[in-house]
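**Student:** coords please:
(chains A, B, C and D)
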There are 2 protein chains.
Amino acid sequence: MTVTLADVAVHAGVSPATVSRVLNGNYPVATGTRQRVLDAVRTLNYVVNAHARALAVNTSDVLGVLVNNVSDPFFALMAGAVQREAAREDLLAMIGNTGGSPVEELRYIRLLLRQRVRAIVLTGGHRDDADYLAELAELVRHAVASDTRVVFCGRPPVPGCPAITLDFDNRRGAQALTRYVLTVGHRRIGYITGPAGHSTTHARLHGHTDALAERGFSVDEDLVVSGTFDRESGWEAATRLLSAPEPPTAIIAANDTVALGVLAAAREAGIAVPAGLSVAGFDDLPFSMDAYPALTTVRLPLVAAGQRAGRIALGEEPLAPGTVATVRTELIVRDSVSGPGER
Amino acid sequence: MTVTLADVAVHAGVSPATVSRVLNGNYPVATGTRQRVLDAVRTLNYVVNAHARALAVNTSDVLGVLVNNVSDPFFALMAGAVQREAAREDLLAMIGNTGGSPVEELRYIRLLLRQRVRAIVLTGGHRDDADYLAELAELVRHAVASDTRVVFCGRPPVPGCPAITLDFDNRRGAQALTRYVLTVGHRRIGYITGPAGHSTTHARLHGHTDALAERGFSVDEDLVVSGTFDRESGWEAATRLLSAPEPPTAIIAANDTVALGVLAAAREAGIAVPAGLSVAGFDDLPFSMDAYPALTTVRLPLVAAGQRAGRIALGEEPLAPGTVATVRTELIVRDSVSGPGER
DNA sequence: CCGGCGGTAGAAAGGGCTTGCCATACAATC
DNA sequence: GATTGTATGGCAAGCCCTTTCTACCGCCGG
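**Tutor:** Numbering: from 1, shown residues only, chains lettered A, B, ... in the order given. From the prediction side, this is the model:
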């Protein structure tokens, strides 16, 4: 049915070994012979069987990337960058959507391990669940033991987990942002968090409270409402905050997508931004500069991080398992935040 | 080094065949035996070798998706949907960024064919290049001959190419949009195309000229400027159009991303939208509703299409190779287009 | 008491490729 | 002209599963 290397060998009048060597170019083959083999390959339309090859050499040309959701630019930007790095080395990238579910994530890792992937890149924060983290660590140890590099991209390290970590400095980024909002004069600042029990949620919220504490302010529980990192939850949370007896003069969202929901809610409530309400996001996704008003936010170098994660995954940046690197963030001041008094 | 099925067999005191059968559950195995095997698998931390399996059964649990760029929501939305469908069947999805390059696309298809993927989904339009299309058709024929389904998602059929096609009705969508812009009163309508020689570019431009012709208007060459489907090109094209001696009163962009660039250009030029200039996009990407003003555009059911493409790829919707289905589009009227006179 | 059967398990033959080791042929060297 | 070397090619043993075919066992019905 399908053409095999042996068929090519017969057609070219050589042994399978020779065909293999021509194809891999890792052994001297006389020019004439090579040509005959190449011709045979062409006329027979031969396509190597990657599985047979992977089986023989015990490694594959594939790299796995796990994201919450590729349709979310936050993840797509990282995944795309990893993918491009992989492509440079002629590797294929398998991308899995975990939907943020620990169970799905573990399932995918197992699936990828079966594929004997060269490396696995895990993006986005993790759920703070002891059982899950223990199992994750176990799997990563297993992976690393079988020469599969594991890279965390934009997620904090996990104790006992020999992955190479590239974490975003969410806490300091959030701190800088809140500090800025305080500096322009806001005192009643609403904060919309990400989902509970999520590392990114914690880090950003901590940064926020750090900044408040630093100026001697305490956290007003009524101003902190929890969401789910999506536009919808931003809309709901903002609507709630704005209808309170004493509404905030500024709202900081867990991320840009949530901030979009906040802007929509403000628009519907007839509140001008930033005149009547300041709004800030986090991530600096591409659309943020085109929001109205353009979002003041914290930039995460998603592409650069993905790229670096890719390079690490390929082993081009020799880091020992367990290494932790922190990626800096940058405050991006645009138009959605102004002083509470200004109009 | 790594644990093999044979090791498990020894540990459980059974033959490899039995272990395989326990793992695949496609053959009766006594409960006691099964349990022993399962225990052995657990204690040894056994992970099947997908390659050996694929080699033995001559097919893999993988599906390939080719996109121009995962970071572009247009593609990410489709790819994500395909991926989710694949996940339902426990398949992995390999995603490749072609960057819109025919060469890369062909390269990826070959790579995927090596992997003996179950199916390949190609998204986005194609380059109108005879050589490329011929080679593509050749590859697809080859793929189909070896039981690899090929699905075109959002791209027109290619003659002699036994792929299953799910094409967007770009032409009619564009026609409806231009018709609408004409209806509200515009007569000088600028049009920013996608890259030359691209099927989507053609289809949308045709729709535009169809609508003009239908009302008895001819195309003013000066008002049609070509771009590249990205924000930057929208900005440049719009800047050019707006600085002309007799600028258009409306600009229709090849897609929403380009429209964002147009909006930015208008803002910088101090032109209010839609009072001073109407702007329309295409695709209805998520961010379009949050642009300012909210974009009037044409909605493409990207997720639904990707989902369907996934189902077809999985063989759940039995369609013969060569089948062509057209996906309807929908005009979405929002705020970025108004009559030329209105303020 | 025996042929036969349902229920389980094993032996072994692939599946397509790589690669260490050996064989050959001819050129080069003394 | 014998010998050592170099360039090239083949042999065959894996790599780790799946699956057909065969074997075995205890049991039933005749």
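**Student:** contacts and neighbour counts: CA atoms only from here.
**Tutor:** Will do.
**Student:** what does stretch A:185-194 contact?
**Tutor:** A:200-201, A:205, A:223-229, A:234, A:237-238, A:241, A:247-254, A:339-340 (CA atoms under 8 Å, 6 or more residues apart in numbering or on different chains).
**Student:** In helices, which of the residues you listed appear?
**Tutor:** Within the contacts of stretch A:185-194, residues falling in helices by DSSP state H are A:Thr200, A:Thr201, A:Leu205, A:Gly234, A:Ala237, A:Ala238, A:Leu241.
**Student:** Format those residues as JSON lines; extra columns: neighbour count, distance to DNA strand D and pLDDT.
**Tutor:** Formatted as JSON lines, the ones in helices among the contacts of stretch A:185-194 follow (neighbours: other CA atoms under 10 Å in any protein chain shown; distance: CA to the nearest atom of the strand, whole Å; pLDDT from 0 to 100):
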{"residue": "A:Thr200", "neighbour count": "26", "distance to DNA strand D": "37", "pLDDT": "98"}
{"residue": "A:Thr201", "neighbour count": "25", "distance to DNA strand D": "40", "pLDDT": "98"}
{"residue": "A:Leu205", "neighbour count": "23", "distance to DNA strand D": "45", "pLDDT": "98"}
{"residue": "A:Gly234", "neighbour count": "31", "distance to DNA strand D": "47", "pLDDT": "98"}
{"residue": "A:Ala237", "neighbour count": "26", "distance to DNA strand D": "49", "pLDDT": "98"}
{"residue": "A:Ala238", "neighbour count": "30", "distance to DNA strand D": "52", "pLDDT": "98"}
{"residue": "A:Leu241", "neighbour count": "22", "distance to DNA strand D": "55", "pLDDT": "98"}
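**Student:** ok, those residues vs B:Pro159, which is closest?
**Tutor:** For the ones in helices among the contacts of stretch A:185-194, the minimum distance to B:Pro159 (CA to CA) is 47.7 Å, reached by A:Gly234.
**Student:** Show the contacting residues for the residue in the stretch 101-250 of chain A that DNA strand D sits nearest to.
**Tutor:** Closest to DNA strand D within the stretch 101-250 of chain A is A:Arg114: 8.8 Å, counting by CA to the nearest atom of the strand. Going by CA under 8 Å, 6+ apart, A:Arg114 touches B:Val47, B:Val48, B:Asn49, B:Ala50.
**Student:** same deal with A:Ala79?
**Tutor:** A:Val65, A:Val67, A:Val70, A:Ile95, A:Gly306, B:Val70, B:Ser71.
**Student:** Check A:Gln83 too.
**Tutor:** A:Leu92, A:Ala93, A:Gly310, B:Gly96, B:Asn97.
**Student:** hmm, 7 Å instead?
**Tutor:** A:Ala93 (CA atoms under 7 Å, 6 or more residues apart in numbering or on different chains).
**Student:** try A:Thr296
**Tutor:** A:Ala280, A:Gly281, A:Ile332, A:Val333, A:Arg334, A:Asp335, A:Ser336, A:Val337.
**Student:** quick revisit: ok, the ones in helices among the contacts of stretch A:185-194 vs DNA strand C, which is closest?
**Tutor:** Closest to DNA strand C, out of all of those and judged by CA to the nearest atom of the strand, is A:Thr200, at 42.5 Å.
**Student:** need the contact list for that closest one.
**Tutor:** So A:Thr200 contacts A:Gly125 (CA under 7 Å, 6+ apart).
**Student:** For it, give its distance to chain B.
**Tutor:** 21 Å (CA to the nearest CA, to the nearest Å).
**Student:** Which residue ranges of the stretch 101-250 of chain A form helices?
**Tutor:** Along the stretch 101-250 of chain A, counting by DSSP state H, counting those that start in this stretch, helices occupy A:102-114, A:130-145, A:170-183, A:199-214, A:231-242.
**Student:** other SSEs contacting the last one?
**Tutor:** Secondary-structure packing of helix A:231-242 (3 or more CA pairs under 7 Å, 6 or more residues apart in numbering or on different chains; DSSP states H and E): helix A:256-268.
**Student:** Okay, angle between the helix it packs on and helix A:231-242 too, please.
**Tutor:** Here helix A:256-268 points in a direction 50 degrees away from that of helix A:231-242 (axes from the mean of the first three to the mean of the last three CA atoms, to 10 degrees).
**Student:** Show the average pLDDT along helix A:256-268.
**Tutor:** Summarised as a single mean, pLDDT over helix A:256-268 is 98.
**Student:** pLDDT below threshold where in the stretch 1-150 of chain A?
**Tutor:** Counting by pLDDT under 70, the stretch 1-150 of chain A contains low-confidence ranges at A:1.
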